[in-house]
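> here is a sequence together with a model predicted from it:
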Amino acid sequence: MLLALLAAAVAGAALLEPQRLLTHGWPLGTSGITAAVVFAVAYAVATVAFVPRPLLNAAAGALYGIHAGLPAAIAGTVLGAGLAFVLGRFLGRDALRPLLRGRLVLSADRQLSLHGFRSTLALRLFPGVPFAAANYAAAISRVRLLPFLTATAVGSAANTAAYVVAGSRAASPTSPVFLLAVGFIGLTGVAAAAVAHRRRGTGVSPEESPATPPAESA
């Protein structure tokens, strides 16, 4: 059932072609707050269908600017994370948990189960961790929904804002605001690559970064 729902979401995204939002806007004739709400819902469904969030964030900025695009993108991020979490937990958790044999997956499961908010926050702040992968990893852990969604909103805000700002200023690629946003995106990407390289060298995964102190584990 989980695979069927995911396949339907992917098919819907392929038919609707969300990338066309960047150039054609909404075909529904909506505007203002209504359009932002519809966009947030479509954003959420698109993330479940594995549409890249940077594209959706840039579209939010291009269509609605910073003031309306940023709330719409963050709302879509949180709603999409919640949808994937519910799907994974109620349709796939029991089936997937016995298949967890990899050390990295087991570590992520353990950290999310013990420290849901902190570990989710670390995953969201680390740009190298795929959004959908983090959602389903949380779904098969014992993290609760509210801390997961709260940490998602807080941890995703900065990176989401950078893409929304870049999208809103895409028509002026030499403007200071656009250059600052792109610079922030590049800086976080470099930082993520450096942390991932360091973790591989020490045998620790990015998901293990919020490690549990020995005293706290006891």
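Arrived safely, thanks for sending. Numbers count the residues shown, from 1 in each chain.
> where in this protein is pLDDT low?
Residue ranges of the chain with pLDDT under 70: 1-10, 12-32, 92-114, 116, 127-128, 191-218.
> quick one, helices of it?
2-16, 21-24, 32-48, 53-87, 93-96, 103-114, 116-125, 131-139, 145-168, 176-202, 214-217 (DSSP state H).
> show me what the longest one is packed up against.
Identification of packing neighbours for helix 53-87 by 3 or more Cβ pairs under 8 Å, 6 or more residues apart in numbering; DSSP states H and E yields helix 2-16, helix 21-24, helix 32-48, helix 131-139, helix 145-168. From N, CA and C alone the C-beta is placed, and that goes for glycine too.
> can you name every helix or strand that the fourth one contacts?
To tie it back to what came earlier, the one meant is helix 131-139. helix 32-48, helix 53-87, helix 103-114, helix 116-125.
> and for the last one?
Identification of packing neighbours for helix 145-168 by 3+ Cβ pairs under 8 Å, 6+ apart yields helix 53-87, helix 116-125, helix 176-202.
> so can I have TSV of those showing mean neighbour count?
Shown next, in TSV, are the helices and strands packed on helix 145-168 (neighbours: other Cβ atoms under 10 Å):
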stretch	mean neighbour count
helix 53-87	22
helix 116-125	23
helix 176-202	14
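> now render the ones you listed as CSV, adding distance to residue 46.
Shown next, in CSV, are the helices and strands packed on helix 145-168 (distance: least, Cβ to Cβ, whole Å):
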stretch, distance to residue 46
helix 53-87, 6
helix 116-125, 18
helix 176-202, 20
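> which among those is found nearest to residue 139?
helix 53-87 (4.9 Å; Cβ to Cβ).
> report the angle between that closest one and helix 32-48.
On the basis of axes from the mean of the first three to the mean of the last three Cα atoms, to 10 degrees, helix 53-87 is oriented at 70 degrees to helix 32-48.
> got the angle for helix 53-87 vs helix 145-168?
Using the same axes, to 10 degrees, helix 53-87 lies at 160 degrees relative to helix 145-168.
> and the angle from helix 53-87 to helix 131-139?
Interaxial angle of helix 53-87 relative to helix 131-139 (the same axes, to 10 degrees): 20 degrees.
> sorry, back to before: which one of the helices and strands packed on helix 131-139 lies nearest to residue 190?
That would be helix 116-125 among those, by Cβ to Cβ, at 14.4 Å.
> not counting sequence-adjacent ones, nearest residue to residue 89?
Distances taken as Cβ to Cβ, 6 or more residues apart in numbering place residue 139 nearest to residue 89, at 4.4 Å, with adjacent residues excluded.
> distance of that neighbour relative to residue 82?
Counting by Cβ to Cβ, to the nearest Å, the gap from residue 139 to residue 82 is 10 Å.
> same check on residue 130?
Going from residue 130 to residue 82 by Cβ to Cβ gives 17 Å.
> contacting residues around the closest residue to residue 76 other than its chain neighbours?
Nearest non-adjacent residue to residue 76, counting by Cβ to Cβ, 6+ apart: residue 43, 2.7 Å away. When contacts are counted by Cβ atoms under 8 Å, 6 or more residues apart in numbering, residue 43 touches 56, 60, 72-73, 75-77, 79-80.
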